[in-house]
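Trainee: output the structure for:
(one chain, ligands or ions: 1)
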Amino acid sequence: MVPDQAYDGALGTEGGAPQDGGTPAVRVEGLWKRFGQQIAVNGIDLVLPAGKFIGLVGPNGAGKTTTLSMITGLLRPDAGRIRVAGHDVWADPESVAQVKTRIGVLPEGLRMFERLSGRELLAYSGRLRGLPGAEVDKRATQLLEVLDLAGSQHKLVVDYSTGMRKKIGLAAALLHNPEVLFLDEPFEGVDPVSAQIIRGVLERYTHSGATVVFSSHVMELVESLCDWVAVMAAGQIRAQGPLERVRGSAPSLQAAFLELVGANGRDSGESLDWLGGPAR
Ligand SMILES: Nc1ncnc2c1ncn2[C@@H]1O[C@H](COP(=O)(O)OP(=O)(O)OP(=O)(O)O)[C@@H](O)[C@H]1O
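Mentor: Below you'll find the predicted structure:
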């Protein structure tokens, strides 16, 4: 287990590139967000290198969605600075728009235009991104085929299953070939065959130099997919760095995670001595 900042290269030198070279995909400094009395994100620093498959993990309520929303220009921070591919996200309204052209987002809750068919949703997303119609058509056809949605392309999104919604959301996020892709729980509700296809698509995408940042609760998935991990708990970053360094000497990422978030030794149901006994 490696605590936060143990990876010396992560934050790099002042204002410069990280020690492994190049502009990071995401650089976050002193990021804060509170909702009333609840501090959701408690002054975090985060550096996510470009070209990596990155997992953002943490227990329920850790602050992952709030952090991703601020990084992707959906939620204004109370304090702090965020740069995506070197561009300051919140410097001015124009910079938010600039950053949005470089990123793809599969948001939590899959807010989409549900009265469009899958095909129409992709056409709309592509045109919104300024792609020519013929190119949008070509890419949409390929994505629908690869993601096994061709047969449902004319069905309304409102009638899609959870897994199908994830897949069409992913297709919409990928259509303009963004530099950085942010995915909130992309594999939730997705069947194993589709999960394998999504993995393939994302691996191909990162091998071409692009960056994937995704949040997940499934440690085995993060361990098998990611080469870089950030662990969040109670609004703070508990560890960040290459997967092997965050895992350290623990037998698995799951074991390292439980240690990092302080879940070891917590009552895991022993106090529920009435549960499973004779009904009363
Ligand atoms: N709009 C909001 N209004 C009030 N509180 C909020 C709001 N959004 C998030 N919070 C609070 O901020 C904290 C962090 O929430 P967040 O959704 O970022 O966590 P998370 O790590 O994504 O959790 P999960 O894994 O359960 O999705 C929680 O305590 C949550 O209740």
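Trainee: okay, which residue is most central for the chain?
Mentor: residue 214 (2.4 Å; Cα atoms, centre = their mean).
Trainee: what is it paired to in the beta sheet?
Mentor: residue 55, residue 183 (DSSP bridges).
Trainee: any idea how far it lies from the ligand?
Mentor: Applying Cβ to the nearest ligand atom, to the nearest Å, the value for residue 214 to the ligand is 12 Å. Backbone N, C-alpha and C define where each C-beta goes, glycine included.
Trainee: try residue 223
Mentor: Distance of residue 223 to the ligand, computed by Cβ to the nearest ligand atom: 18 Å.
Trainee: same thing with residue 172?
Mentor: Residue 172 is 21 Å from the ligand, by Cβ to the nearest ligand atom.
Trainee: so which elements touch the helix or strand hosting that residue?
Mentor: Using DSSP states H and E, residue 172 maps to helix 162-174. Here helix 162-174 touches strand 103-106, helix 118-128, helix 133-146, strand 180-184, helix 192-207, going by 3 or more Cβ pairs under 8 Å, 6 or more residues apart in numbering; DSSP states H and E.
Trainee: just the angle for the worst-scoring helix or strand of the chain on mean pLDDT relative to strand 180-184, thanks.
Mentor: Lowest by mean pLDDT, DSSP states H and E among the helices and strands of the chain is helix 93-102, with a mean of 86. Per axes from the mean of the first three to the mean of the last three Cα atoms, to 10 degrees, the angle that helix 93-102 makes with strand 180-184 is 90 degrees.
Trainee: next, the residues that contact helix 93-102 from outside, please.
Mentor: With contact meaning Cβ atoms under 8 Å, 6 or more residues apart in numbering, helix 93-102 is reached by 72-73, 84-85, 87-90, 129-130, 176, 178-180.
Trainee: so how do I select the buried members of those residues in ChimeraX?
Mentor: Restricted to buried positions by 16 or more other Cβ atoms under 10 Å, the ChimeraX selection for these reads:
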select :72,73,84,85,87,89,90,129,176,178,179,180
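Trainee: restrict the contacts of helix 93-102 to those near the ligand?
Mentor: Subset of the contacts of helix 93-102 in contact with the ligand: empty, counting by Cβ under 6 Å from any ligand atom.
Trainee: which of the contacts of helix 93-102 fall in strands?
Mentor: The strands, defined by DSSP state E, take in 84, 87, 88, 180 from the contacts of helix 93-102.
Trainee: ok, residue 214 touching residue 55?
Mentor: Yes: look at residue 214 against residue 55 with Cβ atoms under 8 Å: they come within range, at 6.2 Å.
Trainee: now list whatever residues contact both of the two.
Mentor: With Cβ under 8 Å, 6+ apart as the test, residue 214 and residue 55 reach no residue in common.
Trainee: residue ranges with poor pLDDT in the stretch 51-200 of the chain?
Mentor: For the stretch 51-200 of the chain, applying pLDDT under 70 flags the ranges 109-110.
Trainee: who in it is up against the ligand?
Mentor: Contact residues, the stretch 51-200 of the chain versus the ligand (Cβ under 6 Å from any ligand atom): 58, 60, 61, 62, 63, 64, 65, 66.
Trainee: give the contact list for the fifth one.
Mentor: Neighbouring residues of residue 63 by Cβ under 8 Å, 6+ apart: 33, 40, 41, 42, 44, 232, 234, 235, 236.
Trainee: near the ligand, from these?
Mentor: Answer for the contacts of residue 63 near the ligand (Cβ under 6 Å from any ligand atom): residue 40.
Trainee: mind listing which of the contacts of residue 63 are in strands?
Mentor: Those of the contacts of residue 63 lying in strands (DSSP E): 33, 40, 41, 42, 44, 232, 236.
Trainee: so for stretch 175-187, first residue to last residue, what's the gap.
Mentor: 19 Å (Cα to Cα, to the nearest Å).
Trainee: for residue 163, see how far away residue 186 is.
Mentor: Distance check for residue 186 against residue 163: by Cβ to Cβ, to the nearest Å, it reads 11 Å.
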